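*Asks:* Here's my sequence, what's the structure:
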Amino acid sequence: MGFWWNQTNDDFSITPSGIKWGSIQSIYRIEGFVTPKDFDREHSCPPAIGYDTSWNESTEVAMTFHRVEGSTVEYHCNEPYKIEGMDQETFEGEAVCRRATAGGELTWSKIPKLPCRLICREGYSPNGDGKECLRFSNERAQFGLSSASLKCSRDGASLARITSIKDMESAHEGRTYYTAHVRVGNETVFEGPPAGEVSCDAASSCQADNVSRCLTVTKVSSSVSTQKFGNCEDANYYACSLPGRCPKGFFQHRGLCYRLLSLHSRLNFLRALEKCGEIGSGLVYPETKEDLDFVKNLTLVRVDFIEFWVMKIVLE
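*Replies:* Numbers count the residues shown, from 1 in each chain. Model prediction:
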């Protein structure tokens, strides 16, 4: 947080600049620097661009500690967020402290309006809390949950988390949708919506078991939606979400979730399929060079037998 030093004759006062930083943990020392306001105006750009840690999910900001000539502030909006700059909406950009004319005052080349705000791409609508974009499909996933997930990944999206009745506003009445709420082993990947928001289907079960592992939601009317656990191979509709989300321990890439199994023994192909199946997954199947590069880089994070084995399968 910055302050202005205002002095009149023999009296002075200190007032906040209005720019605040997010909370910082484990502060061991604070150093203060006093710069006269006139000197600051002559040698620095105005303190007009700030940052808050609450923006982390939507906005990345990199800035220099000072505001002298040549200083930069770089910003990047995480999909599907956008930012409105001075004259156009942009996903990323840079503000530079400079003089518009020789000998003129220092000003920023642009003052971006942070944080980035949500703008959904065509076919997607904001969810109930306005933090994600949802799309409810007009086609069925003929081969169940796996094909539903792949169809979402074509948009760089993942299957959607439904947390309230408001999330169902753009869904079609009478249709049943796959969601990201899937039972794996004894745990649900993402907790489903509270029964008070999306009620349990009276004719079905809202408890997962070894057969009924996929939680689906159905829009009954504008004010009523239901949920139930069912077979993951049924040809249901599906709901996609941007940005893509993955459970803990997985890495997200273009809407799909990847994980390296940290095993210390070699596996044959069938055993590898079995181990992946135990966590509700399958072996990787890269379809583009971008996918292949992602898997390659992921394997560099760890070095043991299984990572090299996965790389061998991918490259062949």
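*Asks:* all strands in the stretch 101-250 of the chain, in order from the N-terminus.
*Replies:* In the stretch 101-250 of the chain, the strands defined using DSSP state E, counting those that start in this stretch lie at 106-108, 113-118, 125-126, 133-136, 158-159, 176-184, 187-188, 199-200, 212-219, 225-231, 237-242.
*Asks:* and of those strands, who's closest to Phe91?
*Replies:* strand 113-118 (8.1 Å; C-beta to C-beta). C-beta here means a position set from N, CA and C on the backbone, and glycine is covered the same way.
*Asks:* Contacts made by that closest one with the rest, please.
*Replies:* 49-52, 54-55, 58-59, 61, 75, 77-78, 80-85, 126, 130-133 (C-beta atoms under 8 Å, 6 or more residues apart in numbering).
*Asks:* re the thing from before, least confident of the strands of the stretch 101-250 of the chain, on average?
*Replies:* For the strands of the stretch 101-250 of the chain, the weakest mean pLDDT is recorded on strand 187-188, namely a mean of 65.
*Asks:* Distance to Asp167 added to the strands of the stretch 101-250 of the chain, as a markdown table?
*Replies:* Output for those, formatted as a markdown table (distance: least, C-beta to C-beta, whole Å):
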| stretch | distance to Asp167 |
| --- | --- |
| strand 106-108 | 39 |
| strand 113-118 | 14 |
| strand 125-126 | 10 |
| strand 133-136 | 6 |
| strand 158-159 | 13 |
| strand 176-184 | 10 |
| strand 187-188 | 17 |
| strand 199-200 | 14 |
| strand 212-219 | 9 |
| strand 225-231 | 9 |
| strand 237-242 | 8 |
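*Asks:* out of these, which comes closest to Glu169?
*Replies:* When the strands of the stretch 101-250 of the chain are ranked by proximity to Glu169 (C-beta to C-beta), strand 125-126 comes first, at 7.4 Å.
*Asks:* chain center to the closest one: distance?
*Replies:* 15 Å (C-alpha atoms, centre = their mean, to the nearest Å).
*Asks:* now stretch 177-196
*Replies:* 19 Å.
*Asks:* Export only the CA atoms of that stretch, formatted as CSV.
*Replies:* What follows is stretch 177-196, C-alpha atoms only, in CSV (Å, rounded to 0.1, in the frame of the first residue of the first chain):
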residue,chain,number,x,y,z
TYR,A,177,-26.8,-34.4,-18.0
TYR,A,178,-23.4,-35.9,-17.1
THR,A,179,-21.4,-33.8,-14.6
ALA,A,180,-18.0,-33.8,-13.1
HIS,A,181,-19.4,-35.4,-9.9
VAL,A,182,-18.1,-39.0,-10.4
ARG,A,183,-17.4,-41.7,-7.7
VAL,A,184,-13.9,-43.1,-7.9
GLY,A,185,-13.2,-45.9,-5.4
ASN,A,186,-14.7,-44.7,-2.1
GLU,A,187,-14.6,-41.0,-2.9
THR,A,188,-16.5,-38.6,-5.1
VAL,A,189,-14.2,-36.5,-7.3
PHE,A,190,-16.2,-33.3,-6.7
GLU,A,191,-19.0,-33.1,-4.1
GLY,A,192,-22.4,-32.9,-5.7
PRO,A,193,-24.9,-30.0,-5.3
PRO,A,194,-26.6,-29.8,-1.9
ALA,A,195,-30.0,-31.5,-1.8
GLY,A,196,-31.5,-28.2,-0.7
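*Asks:* From the contacts of strand 113-118, which land in strands?
*Replies:* Counting by DSSP state E, these place 59, 61, 75, 77, 81-84, 126, 133 in strands.
*Asks:* mind giving me CSV with those and columns for distance to Arg99 and neighbour count?
*Replies:* Below are the ones in strands among the contacts of strand 113-118 laid out as CSV (distance: C-beta to C-beta, whole Å; neighbours: other C-beta atoms under 10 Å):
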residue, distance to Arg99, neighbour count
Thr59, 28, 21
Val61, 24, 18
Tyr75, 22, 24
Cys77, 28, 24
Tyr81, 32, 22
Lys82, 30, 17
Ile83, 25, 21
Glu84, 25, 14
Pro126, 41, 18
Cys133, 41, 24
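*Asks:* I'd like the residues you listed laid out as a markdown table, including distance to Ser158.
*Replies:* Shown next, in a markdown table, are the ones in strands among the contacts of strand 113-118 (distance: C-beta to C-beta, whole Å):
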| residue | distance to Ser158 |
| --- | --- |
| Thr59 | 21 |
| Val61 | 25 |
| Tyr75 | 25 |
| Cys77 | 19 |
| Tyr81 | 16 |
| Lys82 | 20 |
| Ile83 | 23 |
| Glu84 | 27 |
| Pro126 | 17 |
| Cys133 | 12 |
